[in-house]
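Q: Sharing a sequence plus its predicted fold:
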Amino acid sequence: MSDYVRYSSLVEGDTFLDPPPSFDVTEVLVDKYIAATNDTTPELNGLNAAGKRIAPPMLAAVYVIDALRTRVGPPGGIHAKQQFKFHRPAIIGETLFTSASVLKLYERKGRNYVDMTTETKNQQGELITSGMITRIWGKES
């Protein structure tokens with residue numbers, strides 16, 4: 001038995017992550033991300049009008065990929081492209097939940113492709129980010 005998701009088990013329209021995995025936005029995590037990316041955006045170090053500290057928008061690349069790792073394809077897959085729509089910044093202290101749905105399955109040049117949509121909400125159900133990811137599925141043995 002394989003420890004990855006088989007391409008043949010994917011169906012267009014299916015929810016890929018159900019229930020959606022959680023991701024805690026912590027001050028330590030945000031500080032590490034800012035240090036690793038050398039982000040000097042002033043708004044990331046102070047408090048917003050509501051007295052809360054926001055997370056860098058591109059932290060989405062971390063929490064979405066972290067969620068997708070719960071259902072991986074076989075080795076050799078390629079993360080071909082990704083786009084995000086930011087609905088509002090994530091805030092330190094929130095717990096985020098990312099779900100994904102299979103939008104389209106297709107073959108190109110002998111390789112299997114999967115287009116997925118993603119949606120990340122906080123613990124109150126407020127939409128934080130949505131997006132689309134294209135993955136080139138790894139070769140299955």
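A: Yep, that arrived.
Q: alpha carbons only for contacts and neighbour counts from here, please
A: OK.
Q: and L68, what does it touch?
A: For L68, the contacting residues are L17, A100, by CA atoms under 8 Å, 6 or more residues apart in numbering.
Q: now it: how far from A49?
A: 33 Å (CA to CA, to the nearest Å).
Q: E140 too?
A: Relative to A49, E140 is positioned 51 Å away (CA to CA).
Q: send the alpha carbons of stretch 110-127 over as CSV?
A: What follows is stretch 110-127, C-alpha atoms only, in CSV (Å, rounded to 0.1, in the frame of the first residue of the first chain):
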residue,chain,number,x,y,z
GLY,A,110,2.2,12.5,-20.6
ARG,A,111,2.0,14.0,-17.1
ASN,A,112,-1.0,14.2,-14.8
TYR,A,113,-2.1,17.6,-13.6
VAL,A,114,-4.3,18.7,-10.8
ASP,A,115,-5.8,22.2,-10.5
MET,A,116,-7.1,22.8,-7.0
THR,A,117,-8.9,25.7,-5.3
THR,A,118,-8.0,26.6,-1.7
GLU,A,119,-9.9,28.5,0.9
THR,A,120,-8.5,29.5,4.3
LYS,A,121,-10.8,30.8,7.1
ASN,A,122,-10.2,31.6,10.8
GLN,A,123,-11.9,30.0,13.8
GLN,A,124,-14.9,32.3,13.3
GLY,A,125,-15.3,31.3,9.7
GLU,A,126,-14.0,34.6,8.3
LEU,A,127,-12.4,34.2,4.9
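Q: So which residues make contact with that stretch?
A: With CA under 8 Å, 6+ apart, stretch 110-127 has contacts from 7, 64, 87-88, 90, 94-107, 128-138.
Q: returning to what we had before: which residue of E140 and A49 possesses the greater neighbour count?
A: E140 (14 against 7; other CA atoms under 10 Å).
Q: Report pLDDT for the more buried one.
A: pLDDT for E140: 88.
Q: Could you do N45 as well?
A: 87.
Q: how about the nearest residue to K121, chain neighbours excluded?
A: L127 (4.4 Å; CA to CA, 6 or more residues apart in numbering).
Q: burial count for the one you found?
A: Neighbours of L127 (other CA under 10 Å): 19.
Q: just R69 next, same as before
A: Counted with other CA under 10 Å, R69 comes out at 11.
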